[in-house]
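can't give you the sequence, but here's the structure:
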């Protein structure tokens, strides 16, 4: 085996390992995760060592953080994964990501309002107690 083909084999081994261990972090966007994923699969293809596009779709779905599990289940149930294009999957996930972000903003806004109301009620309650204890003296 020539040293050139050994270098190529080592590079392939490293990329396959990165592919197999690929995960998307909780706070990572679909765009960012896909950019990293695409770098790996493009490098593998350049070395004539790609997987099938069906495999890419399944791998990307499995790599998503568990907060995506419900969406992954819906995609698996509603679409034929063997004919689903990776770009179509990414577009679908990006739309859902926007919906999740909007839902989170709404949730955070409601949480802040509840916290504000609770603090105001606590302050009024403390003021009332101060007035009552002042009148007992």
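Thanks, I have the structure now. On a predicted model such as this, the values are computed, not experimentally measured, just so you know.

can you map out the helices along the chain?
Secondary structure of the chain (DSSP state H): helices at 3-20, 30-46, 53-63, 69-78, 86-136.

turn the ones you listed into TSV, including mean neighbour count and mean pLDDT.
C-beta: built from backbone N, CA, C; applies to glycine. Putting the helices of the chain into TSV (neighbours: other CB atoms under 10 Å; pLDDT from 0 to 100) gives the following:
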stretch	mean neighbour count	mean pLDDT
helix 3-20	12	93
helix 30-46	16	96
helix 53-63	17	94
helix 69-78	12	92
helix 86-136	11	76
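
my guess is residue 61 meets residue 76, correct?
Yes. Between residue 61 and residue 76 there is a contact under CB atoms under 8 Å: 7.3 Å.

could I get the phi/psi values of residue 25?
The phi/psi pair for residue 25 (degrees, to the nearest 10) reads phi -70, psi 160.

and the pLDDT at it?
What the model reports for residue 25 is a pLDDT of 92.

separation between it and residue 102?
To residue 102, residue 25 is 21 Å away according to CB to CB, to the nearest Å.

thinking again about what came up before, shared neighbours, residue 61 and residue 76?
Here residue 61 and residue 76 share no contacting residue, scored by CB atoms under 8 Å, 6 or more residues apart in numbering.

do you know how far the closest residue to residue 100 other than its chain neighbours is from residue 105?
Spatial nearest neighbour of residue 100, chain neighbours left out: residue 67 (7.8 Å); criterion: CB to CB, 6 or more residues apart in numbering. Look at residue 67 and residue 105: by CB to CB, they are 16 Å apart.

again, but for residue 2
The gap separating residue 2 from residue 105 is 57 Å, by CB to CB.

same question for residue 13.
Per CB to CB, residue 13 is found 44 Å from residue 105.

thank you kindly, that will do.
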